[in-house]
Every structure is written in structure tokens, then in C-alpha cells.
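Here is a sequence with its predicted model. Questions after.
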Amino acid sequence: MALTIKLVEAHDIELLTQLGRATFIESYAHLDDPVYFQKHLDRNHTVEVIEKEFYSERNHFFIARMNNQAVGFCKLVSDENEQHPDLKDARCIELERMYVLKKFQGLHVGHALLGESLNFASQNDFDTIWLGVSQENGRAIKIYEQWGFVYFDTHLFDLGGCMQTDLMMKRPVVLPRSFSPSKDIGDLLDVHPQD
């Protein structure tokens, strides 16, 4: 299957909203109180909210497609450090969201999105990339660790009024030459980020 990753354009906003909503439901609906979960969806996964995020200069969205079908996405936020002491002395970019439809997990879509995020961060002279991830999401944590991210703290995530604790992970945008991502991502050579 041909995998491509491209920056989101204005005509993709509705698709991005649908993809964000679907992947969030798949990832977390079974873990959370349905009342809080629905409030979160209504506050954060609407066309109006995503459109506002899209037009903020600090936000950058990428969509992954397989054979032209949207299967995953990520959102980067430029110059975001939450005033954290471990982040405030570097030029930081946050990987705020990264989700892949369950049907396409295991096909290295997440790895490709991470690779494109790091390319973007490097091309725009960021020093550190960081993220928050649910401690319940072991699959994502494992992927981030394969790419050199390390745990450094926790922060709160507001799920519709229910405060949850996420792990914070970070890494330098450019790692030492001695670092090599997991052998499992060798097939990323077939990815064409900007085709």
C-alpha cells in the first residue's frame, strides 16, 4: 500500500475533524466515563474548533493516507513548552496529537507520522520535541521509546472536566549518530511524505 503524508490544507478541515473524532473514540471511549468523554468530544472535536486550530500559525497538521484513504494524522504546536523547567531553555515543538485508525495500526503509519514530525521540527530549527501520552496507551509509549523519547514528568489532561494524568516524554530533534530507531521501521524507506 502506498503511504503518503502531507500538510493539511483548508479543504481538509472537515476530514481532519472526522478523523480526529473517530481515532479518539477508538483509542479512549472504552476507558473513560461516557459523560465526560462526550463533553470532551463536543468541546474539542468539532469543525469549528478544528478550523480555529488550523488557522493558528503555531499549529501544523499532517494527514497520512494509504491508497488515498485518510488513516491517521498528527498535530504539532510550535514554541510550546508549558513553562516547564526541563523545556524552557530550548526551542520546543509539541507533538500534541498523533492518532491512527485501528484498522491501519501495525502498518507503520505512526512511525511515518513521527518521522515527518521530526523532519518538520528539524527544518524549522527546533531543539526539542515533546509530547503528553496517556499512561493507559502502552502501544504509543512503546513507539515513542523506539524513537528515543524519554519520560521526564507528568501533566494534567482535561477530558471533558475529568482531570487525568498524562506522561510527558521528550527527545532532542536531532539525536546523536549512535542512535538508531527500531529495526521494525525499516520499511519506512517506502514512505513518500510530500508526494
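Yes, it's here.

okay, CA-based contacts and neighbour counts for the rest of this
Fine.

Where do the strands of the protein begin and end?
Using DSSP state E, the strands of the chain run over 3-7, 59-66, 69-78, 92-100, 128-134, 150-159, 162-172.

then the third one to PDB, C-alphas only?
To tie it back to what came earlier, the one meant is strand 69-78. The C-alpha trace of strand 69-78 is given here as PDB (Å, rounded to 0.1, in the frame of the first residue of the first chain):
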ATOM      1  CA  GLN A  69      -7.700   7.000   2.200                       C
ATOM      2  CA  ALA A  70      -7.000   9.100   5.300                       C
ATOM      3  CA  VAL A  71      -5.800   6.700   8.000                       C
ATOM      4  CA  GLY A  72      -4.000   8.900  10.600                       C
ATOM      5  CA  PHE A  73      -2.900  12.400  11.500                       C
ATOM      6  CA  CYS A  74      -0.700  14.400  13.800                       C
ATOM      7  CA  LYS A  75      -0.700  17.900  15.200                       C
ATOM      8  CA  LEU A  76       2.400  19.900  16.100                       C
ATOM      9  CA  VAL A  77       2.400  23.100  18.100                       C
ATOM     10  CA  SER A  78       5.400  25.400  17.600                       C
END
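
how about that strand: buried residues?
Neighbour counts over strand 69-78 (16 or more other CA atoms under 10 Å) mark 70-78 as buried.

Apart from its neighbours in sequence, what residue is nearest A29?
With sequence-adjacent residues excluded and distances taken as CA to CA, 6 or more residues apart in numbering, A29 is closest to F37, at 6.8 Å.

sorry, back to before: show me which of the buried residues of strand 69-78 is closest to N59.
Comparing those against N59 with CA to CA places V77 closest, at 4.7 Å.

Tell me which of the strands of the chain lies nearest to H84.
strand 150-159 (9.4 Å).

The closest one to strand 128-134, inter-axis angle?
For strand 150-159 against strand 128-134, the angle by axes from the mean of the first three to the mean of the last three CA atoms, to 10 degrees is 50 degrees.
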